[in-house]
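A.B. asks: Here's my sequence, what's the structure:
(2 chains)
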Amino acid sequence: MDSRRRILDALRAASPPAPGAPDLSGVGVRFDDPVAQLADAIAAVAGRLVRVPDRARLADAVAALAAELGAARVASTVAGVPGDVDLGQVTDAHALDGVGLAVVPGAFAVAENGAVWVPGETLRPRGIFVVAEHLALVVPAGEIVHDMHEAYRRLSFPGPAFGTFIAGPSKTADIEQALVIGAHGARSCTVLLAGA
Amino acid sequence: MTAGHPERAARFAADEARAHWHDQALWFVREKRDRAASLVPDWEQLRDAAAGIRAHARGRLADLLEEFERNAVARGARVHWAADAAEHNAIVHGILSGHGVRRLVKSKSMLTEECGLNEYLEARGIEVVDTDLGERIVQLAHEPPSHIVFPAIHRRREEIGALFHEKLGTPRGLADPKALTEAARGHLRERFLRAEAGLTGVNFAIAETGGVVVCTNEGNADMGTSLPPLHIACMGVEKVLPRLEHLAVMLRLLARSATGQPITSYTSHFHGPAPGGELHVVIVDNGRSRLLADPAVRGALACIRCGACMNTCPVFRRSGGYSYGWVVPGPIGSILAAARDPAAHASLPFASTLCGSCDAVCPVKIDLHGELLAQRRDLAARRLVSPGKRMGMRLLALVLAHRALYEAAGRLLRLALRTLPRGILYARPNVWGRRRELPVPPEESFRDAWRRMREEGRRG
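C.D. replies: Residues are numbered from 1 along each chain as shown, chains lettered A, B, ... in the order given. Predicted coordinates:
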């Protein structure tokens, strides 16, 4: 008998009666001011929120951020935000080692915890968000959900897909509980909330 | 019989300063967890929901895994099944050698620790690099992790500095966590860039969508799965959630319970492979179906590996992860280890005060202290507790069941406490008295006082 069969049979034989799925109507949070809550949450995960009310000024905001971070090379997958790395020529994330700032679009932000949903279609190559030294996520100002329940109601995975919630920069506290920013991935994470 | 938890804990506790520091470090994490939980208005409803999801899934794990497999394969992943650790290791090695892989980067997976994968692959000529900073520290020191979330929590910064000086060539005496982390970043980035495959654990698998979710703060799982084209994800059978909406519940609980963060920095969802790459999911039983069959301990399968039960445990904090002698320590580890091999881990269910602090923080509401107590009964029934303990329990049961005996024993003990010299009272068999003072005996017992007062009352 193959292992698949054996494992499934063993689990079936061992399983207790299953209660129904729990009712999730009682969970969830709502905030009076989701934008203010989002700003607090992003600060709490060691990220930064910058509002760019005029979407036409996005490129300027990114340029200012790159200058502030001392990022010599910028790779952008956001329409209207030019980078100086030609991603059309890059098929593999190895080539992005040493890129100073990656700018990628986020679909929406979660007020509860400061996370931004980044769909994989916009990550070409996929590793751009961790390999670059710094990260900027461009999120439309109207796209803020209250909590993770609302977030997952917006998501579906009908086919092959990668996607990730990003909340602040890469960090670790593995040496004596001391929080250190910039473990492997982005040393900083700026959420650019674009539009009014 | 090999040394049990008390002997190993005594070794850890012998260094009082370190034991105290370890205690404080974990209490600090516990407090962060408390603050995070208190900020969530529906925290208790979330815990109930999470427990309900796990109970629901537990009853139909086989169906859910089949559904997961169907959907994962439809999205381009390949699914493998491993009945035990040996088969798991052979499958992973087979995938790697089939692709000619010599260099593997790993993100944290307690399952591969449980299976002894690193040693297995290294013996077959594959370089295995653990990339979680804490895991890399213990790997360089040739030690197992001592905690499931903070693998190197038992090490002081100076020790890590000395280790990095020796292994990574950092300046002698460098002990600043920021500088040490920076050195590790450079060292590990090199390994990421030249890796030919990445292996991750799985925090959650979703039956409805066929995806696996991996949570990290460092981004090491994302580095390891987006640079090399081959991704192997290893999961226990209990990791599967029925529906996508259940992830919301689990993710709101996980990081808050683990470190006090509202969510991990990266929560990555893998549905099928990267373009041009491969995703292999290895589903592992390795004793889990046996655990599921046992009503007394099956609740432990709900665990989401947040580590909250160990951070709060007064025994874990003062005895260290290694005192448990098993890959997962603390209250949850004691249950899992003793359920797997009662004879080898007979001391672990006793490594608890049964105070229930673990139950109070567990995000999926596992009845940890209840399961530990059930295991004690089971161990006693199997005669796996020491003769001394067994005799003691029998004697206690006898005394507590007979009033006259109980009263006589009380009088005898009060007399002994008053009259016997310290040398006898605190002799070797008095384990309790090694670090504690015995109580000062009252002049008369409550019973005697009650009787006297009633007599006096009657006489008016």
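
A.B. asks: okay, CA-based contacts and neighbour counts for the rest of this
C.D. replies: Will do.

A.B. asks: Go ahead and flag the most central residue of chain A.
C.D. replies: Closest residue to the average C-alpha location of chain A: residue A:166 at 2.7 Å, with Cα atoms, centre = their mean.

A.B. asks: residues contacting that one?
C.D. replies: By Cα atoms under 8 Å, 6 or more residues apart in numbering or on different chains, the contact set of residue A:166 is A:115-118, B:264-267.

A.B. asks: Wait, residue A:52 touches residue A:194, no?
C.D. replies: Yes. Using Cα atoms under 8 Å, residue A:52 makes contact with residue A:194 at a distance of 4.8 Å.

A.B. asks: List the residues that contact residue B:33.
C.D. replies: Taking Cα under 8 Å, 6+ apart as the criterion, residue B:33 is in contact with B:256-261, B:308.

A.B. asks: so which of those are also by chain A?
C.D. replies: residue B:261 (Cα under 8 Å from any Cα of the partner chain).

A.B. asks: list the residues that contact both of residue A:52 and residue A:194?
C.D. replies: residue A:58.

A.B. asks: of all the contacts of residue A:166, which two lie farthest apart?
C.D. replies: A:118 and B:264 (14.5 Å; Cα to Cα).

A.B. asks: residue boundaries of the strands in chain A?
C.D. replies: With DSSP state E as the definition, chain A shows strands at residue ranges A:48-52, A:74-76, A:101-105, A:108-110, A:116-119, A:134-140, A:144-145, A:161-166, A:171-172, A:180-181, A:189-194.

A.B. asks: cool, the stretch 151-300 of chain B as well?
C.D. replies: B:197-200, B:204-206, B:211-216, B:230-236, B:240-241, B:266-271, B:278-284 (DSSP state E, counting those that start in this stretch).

A.B. asks: Export those as TSV, with columns for mean pLDDT and mean neighbour count.
C.D. replies: As requested, these are exported to TSV (pLDDT from 0 to 100; neighbours: other Cα atoms under 10 Å in any protein chain shown):
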stretch	mean pLDDT	mean neighbour count
strand B:197-200	98	28
strand B:204-206	98	27
strand B:211-216	98	25
strand B:230-236	98	25
strand B:240-241	98	26
strand B:266-271	98	25
strand B:278-284	98	23
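
A.B. asks: Take the ones you listed and write them to CSV, including distance to chain A.
C.D. replies: Formatted as CSV, the strands of the stretch 151-300 of chain B follow (distance: least, Cα to the nearest Cα, whole Å):
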stretch, distance to chain A
strand B:197-200, 13
strand B:204-206, 11
strand B:211-216, 8
strand B:230-236, 11
strand B:240-241, 11
strand B:266-271, 4
strand B:278-284, 9
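
A.B. asks: Can you point out the buried residues in stretch B:139-146?
C.D. replies: B:139-140, B:144-146 (16 or more other Cα atoms under 10 Å in any protein chain shown).

A.B. asks: Restricted to strands, list those residues.
C.D. replies: Counting by DSSP E, those contribute nothing to strands.

A.B. asks: Tell me which of those fall in helices.
C.D. replies: For these, the ones inside helices are B:139-140, with DSSP state H as the criterion.

A.B. asks: Among the buried residues of stretch B:139-146, which pair sits farthest apart?
C.D. replies: B:140 and B:146, at 14.0 Å, using Cα to Cα across these.

A.B. asks: where does the chain dip in pLDDT?
C.D. replies: All of this refers to chain A. Residue ranges of chain A with pLDDT under 70: A:1.

A.B. asks: The chain in question should be chain B.
C.D. replies: By pLDDT under 70, the low-scoring segments of chain B are B:1-2.

A.B. asks: for it, longest helix please?
C.D. replies: helix B:16-38.

A.B. asks: Beta-bridge partners for the residue nearest to the centre of chain A, please?
C.D. replies: residue A:116, residue B:266 (DSSP bridges).

A.B. asks: Quick check: the gap between it and residue A:173.
C.D. replies: 18 Å (Cα to Cα, to the nearest Å).

A.B. asks: And the contacts of stretch B:142-152?
C.D. replies: Contacts for stretch B:142-152 (Cα under 8 Å, 6+ apart): A:174-175, B:110, B:134-135, B:137-138, B:153-154, B:258, B:305-307, B:320-322, B:327-329.
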